[in-house]
Structures are given as structure tokens and as C-alpha cells.
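J.: Sequence below, structure please.
(one chain, ligands or ions: 2)
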Amino acid sequence: MSPSYASRTPRRTGSDTRPPAPPTPRLHFVTGKGGSGKTTLASALALALADEGHKVLLVELEGRQDLAGVFGIAPLPYGERLVTSGLGGGEVYGLAIDTEEAFLEYLEMFYRMGSAGKVLHKVGAVDFATTVAPGLKDILLTGKLKEITSRSAGGRWIYDAVVVDSPPTGRIARFLNVTVESGRLATTGPIGRHSRSVATLLHSPQTTVHIAALPTAMALQECLETVAELRAVDLPVGRVLLNQVVPDVYRPVERTGLEDALRRVGVEPDGGLTEALLAQYERRRGQVEAQRRYVGRLREEDVSYVAVPELTGGVDAGSLYSLAETIRSGLDGAAEPFGERTSPETRAEEERDPPPTDGTDSTGGSA
Ligand SMILES: Nc1ncnc2c1ncn2[C@@H]1O[C@H](COP(=O)(O)OP(=O)(O)O)[C@@H](O)[C@H]1O
Ligand SMILES: [Mg+2]
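T.: Numbers count the residues shown, from 1 in each chain. Ligands and ions are numbered 1, 2, ... in the order given. Okay, the predicted model is just below:
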């Protein structure tokens with residue numbers, strides 16, 4: 001079962017002006033096939049979680065500086081930096097984790113390396129070590145995420161939530177499970193202890209893994225495989241963030257009806273125009289049917305999803321907030337607007353609003 005986000009902690013009243021305690025889970029991974037919207041949706045999720053004064057850290061792992069592109073800012077340093085404000089008065093910070101820096105930090109933490117660390121860096125030992133042992137890199141990255149997520153002061157978390165633009169679906173289960181293996185291998189000593197503490201966090205209710213996916217037949221298979229892989233190693237599956245969903249406004253259309261409609265708006269249909277419109281209609285209908293099959297399969301597998309609309313004008317800083325609204329409604333359990341009814345007959349009886357495509361939130365109703 002996916003965790004429910006519906007019961008947010010109520011606002012404190014009176015003179016206590018601190019924001020309410022953050023909801024669980026707090027550590028959100030967003031995986032997905034390349035191009036499915038991982039970076040975009042991780043960013044929108046961070047905005048969504050930065051409500052009620054919450055402070056959220058959005059993390060990039062592999063140094064491509066994609067977050068800088070999404071928010072139109074200078075490349076992120078290896079150090080947390082305020083990026084923007086969240087939906088409800090919260091703050092979103094950004095961090096691009098650099099593996100070398102994380103490695104040196106790790107050595108410092110466990111072995112008090114001092115200047116020896118800088119020497120290692122100079123001779124390229126870090127690069128060497130992480131290249132010969134790719135698992136080591138994942139241990140460092142997940143270790144850094146645990147350190148960030150666990151930081152607290154005065155009985156409160158420093159970050160109410162941490163959102164990670166994560167490795168792609170093909171690597172995610174291995175990435176998140178690496179510390180289980182290293183914890184078993186190194187039974188004594190700091191690496192073993194560290195690995196086990198990271199593994200404990202990643203397998204706890206504090207953690208959730210969302211999957212960004214395009215609603216196509218091909219992507220469905222990969223998405224279901226990822227769900228199965230995550231479940232097989234007891235990693236908590238969050239939501240499928242079904243991205244670039246098109247409005248489900250299917251009505252049967254045939255040639256004469258279409259030509260009549262064109263004439264009514266003063267366009268004399270020639271063969272070319274009618275053919276082009278019919279072909280476009282067929283394409284859309286195919287897309288909508290694939291979406292319906294997709295959500296049908298997700299339901300069979302007991303996977304919750306959030307339908308995220310295709311933004312026809314592309315994604316910019318402003319439209320990111322509208323995606324955040326959709327995601328927030330989805331996390332609260334309100335938004336599964338697509339695929340509620342799977343047969344055209346039922347839909348014809350009772351028209352439903354399509355997912356928003358124009359930045360307005362049509363998903364706020366209660367489920
Ligand atoms: N809901 C959406 N509507 C329209 N375009 C989108 C949407 N989500 C993502 N995109 C665009 O799709 C492309 C891939 O998205 P991105 O987040 O970079 O994917 P990934 O990180 O998985 O490679 C980008 O150009 C992005 O702006
Ligand atoms: Mg990306």
C-alpha cells in the first residue's frame with residue numbers, strides 16, 4: 001500500500017509561530033526513465049512539500065546541473081542554497097551533490113583525514129576508488145542523503161522534507177539497496193555501522209520512492225517492473241507520477257459529423273483538412289486509450305498514481321507551480337482524476353473534468 005498523505009499535522013495555534021511538524025515520509029526519491037520528467041516533477045514535488053512554512057531540500061545527484069536549468073539559476077554549489085519559495089510560504093533549497101566532495105567528507109567523518117584527504121583528491125584517488133567500485137559511489141551518495149535528512153536542531157528537523165532527483169528506473173533499486181549489501185559484508189567497523197544506519201532509514205516509513213512515467217504502453221511495462229523490483233527489496237513505493245497526461249475527452253467522431261461541424265464554423269472542408277483532423281483525432285484517441293489501460297494496470301497492482309497534465313506551452317518557473325498544485329492534491333489523495341471511469345459509455349453518461357492543462361487546479365475536490 002502507498003502511504004497516505006491525507007492526515008497532515010494540524011497547524012499550531014496561539015503564540016507558537018513555528019510551522020507544524022512535517023508529515024511522514026520525509027525523504028522522497030523521484031526515479032523514472034530518462035525524459036519521463038524526473039527533474040521537472042522532483043522540482044514540482046519540492047514546491048508542493050514546501051507548504052505551511054516547511055523547509056525542503058531538493059537534491060541533484062550526478063552533477064548535470066539540471067535543477068539550475070529548471071529554475072533558471074546559476075549552477076548549484078556543493079552546499080545548500082535557497083532556490084525559491086514553496087507553494088504555501090515554505091522554502092525550497094537546492095543542492096548538487098558532488099561525489100568527490102562527498103567522499104572526502106566521508107573520509108573526514110570516519111578517519112579524520114585532515115590534509116591527507118586533499119592529497120587523495122590531488123592524485124585522483126577518489127576518482128579511482130569510485131570508478132573501480134561503483135557501489136562505493138552509491139554508498140557515498142545515499143550516506144550523504146541520510147546525513148542531510150537526519151540533521152536536527154532544537155528538537156526539529158533542519159529540513160522538513162528532502163526530495164531527490166534520482167537515478168533512472170534501471171538503477172534505482174540497486175542504488176537504494178546498496179547499503180543493505182555493504183552492511184552485510186562489513187559486519188564490524190564504521191563502514192558496516194554506517195551502511196546499516198543508511199539502510200534502516202531507506203527501508204523505513206520516512207522514505208518513499210515515486211516513479212515518473214509517461215502514459216504510453218512501452219513505459220507501462222518498465223514502470224511495473226520497477227514497482228516489482230522495489231517491492232522485492234522492501235523499498236517503499238510512493239506514487240506513480242503519470243506525466244504528460246492528455247485530457248480524456250474522447251467522443252466518437254466520424255467524417256460527416258466533422259465536416260458538418262467545420263461548415264458550422266464557416267470552414268469549407270476539403271479532403272486534406274478532414275483527413276488531417278481525423279488522423280490527429282485517431283492519434284489522440286490512441287493516447288487516451290493507452291492512458292486508460294495504464295491506470296487500469298496500476299490499480300490491479302495496487303499502485304497509487306497522480307495524473308500530471310501535459311503543459312502544451314512547455315514548463316517554466318510559473319507552470320512548475322501549477323504542477324506542484326496538482327501533485328499536492330494527488331499526495332493528499334484528492335487527485336486521481338484520470339481513469340476513474342474506463343468505459344466510454346460510463347463517461348458519456350457523466351462527463352468528468354479532464355486534468356488541468358491551463359494552470360488551473362481542477363483536482364482539489366475530495367476523493
Ligand atoms: N507535464 C509536462 N508537460 C510538458 N512538458 C513536460 C512536462 N514534464 C516534463 N516536460 C518536459 O519534458 C522534458 C523532459 O523532462 P525532464 O524533467 O528533464 O525529464 P528527466 O529528468 O526524466 O530526463 C523537458 O523538456 C521538460 O520541460
Ligand atoms: Mg533529469
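J.: And the strand or helix carrying Ala307, what does it pack against?
T.: Taking DSSP states H and E as the definition, one finds Ala307 inside strand 304-309. On a contact count with 3 or more CB pairs under 8 Å, 6 or more residues apart in numbering; DSSP states H and E, strand 304-309 meets strand 237-245, helix 271-300, helix 317-331. Yep, even glycine has a C-beta here, placed from its N, CA and C like the rest.
J.: Show the average pLDDT along the first one.
T.: What strand 237-245 shows for mean pLDDT is 96.
J.: Please verify my assumption that Leu27 contacts Pro205.
T.: No - taking CB atoms under 8 Å as the contact criterion, Leu27 and Pro205 are not neighbours in contact, 10.2 Å apart.
J.: Give me the more crowded residue out of those two.
T.: In this view Leu27 and Pro205 are compared by other CB atoms under 10 Å, and Leu27 has more residues nearby, 25 against 10.
J.: Show me what the more buried one bridges to in the sheet.
T.: When bridges are called by DSSP bridges, Leu27 pairs up with Val162, Thr207.
J.: which ones are touching it?
T.: Under the criterion of CB atoms under 8 Å, 6 or more residues apart in numbering, the neighbours of Leu27 are 145, 149, 161-162, 164, 201-202, 206-208.
J.: of all these, which two lie farthest apart?
T.: Ala161 and Leu202 (15.2 Å; CB to CB).
J.: Among the helices and strands packed on strand 304-309, which comes closest to ligand 1?
T.: For the helices and strands packed on strand 304-309, the distance to ligand 1 is smallest for strand 237-245, at 4.8 Å, taking CB to the nearest ligand atom.
J.: roughly how far is the closest one from the heart of the chain?
T.: Strand 237-245 has its average C-alpha position 8 Å from the chain's average C-alpha position, going by CA atoms, centre = their mean, to the nearest Å.
J.: Going along the chain from that strand, find the next helix or strand for me.
T.: Along the chain past strand 237-245, the next helix or strand (assigned with DSSP H and E) turns out to be helix 255-264.
J.: where exactly do the strands run in the protein?
T.: Assigned by DSSP state E, the strands in the chain fall at 27-32, 55-60, 81-85, 91-96, 152-153, 156-157, 161-165, 207-213, 237-245, 304-309.
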